[in-house]
Structure formats: C-alpha cells, structure tokens
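Enquirer: show me how the following folds:
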Amino acid sequence: MPRRLLASLLGCELRGDARKRRLAVAGKFELYQDKSGGFRFRLKASNGQVIAVSESYKSKPSALKGIESVRKNSADAPVDDQTVAPAE
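Expert: Okay, the predicted model is just below:
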C-alpha cells in the first residue's frame, strides 16, 4: 500500500525527508484473546475505527509476529483492485 494511502487510512501524516520518510502514526494495534482462547490483533485508526482484524493465532508470540509482518509488508504493498474487469 502506498505510504500516503496508509497514512490517510491511519489518520496520520508522513514525516521526515523523502529518503527516510516515516509515518507519524496516531493509530494502534490492539492484541487480544478471542473467545476460543486464540490470539488476534486489530488495527485501529486514530478515530477508533477498526481498519483490519487478523486471523486467530495459537500463541501470543505468533500474533505479535503477525503484527510485525503487517508493519513490514503493508507500507509499499500494491493495491490489487479485483473489482475491475480485466481489459479484453
């Protein structure tokens, strides 16, 4: 996801020079235990709106690795718009 789009979704701003641009994130990840005893996380924007919810993980360390994976892989991930029919 482009950094500007991610920043917009999280309700934050981009800070720093172009080479070392960082997100000044006002949103947060919440780690919690679900009813079945598994561990999940949700990503919330600064206004409290839930943006994403994870699958259930068997252990807390696995859920924390999931959060790190989202952090690492989402900033530059492309958007795969599957709502548009392919060109013929």
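
Enquirer: right, and residue 41 touches residue 31 too?
Expert: Yes - counting by CB atoms under 8 Å, residue 41 touches residue 31, with 4.9 Å between them. C-beta: built from backbone N, CA, C; applies to glycine.

Enquirer: quickly list what's touching both of the two.
Expert: The contact sets of residue 41 and residue 31 overlap at 63, 67 (CB atoms under 8 Å, 6 or more residues apart in numbering).

Enquirer: so the two - more neighbours on which side?
Expert: Comparing residue 41 with residue 31 by other CB atoms under 10 Å, the one with more neighbours is residue 41, at 20 against 15.

Enquirer: averaged pLDDT, the helix or strand containing that one. What do you get?
Expert: Element membership for residue 41 (DSSP states H and E) is strand 39-44. When pLDDT is averaged along strand 39-44, the result is 96.

Enquirer: same check, this time on stretch 71-83
Expert: For stretch 71-83, the mean per-residue pLDDT is 89.

Enquirer: buried ones in that stretch?
Expert: By neighbour count with 16 or more other CB atoms under 10 Å, stretch 71-83 contains the buried residues residue 75.

Enquirer: swap in stretch 54-67?
Expert: Within stretch 54-67, the residues that count as buried by 16+ other CB under 10 Å are 54, 57, 63, 66.

Enquirer: who touches that stretch?
Expert: With CB under 8 Å, 6+ apart as the test, stretch 54-67 has contacts from 29, 31, 34, 36, 38, 39, 40, 41, 42, 70.
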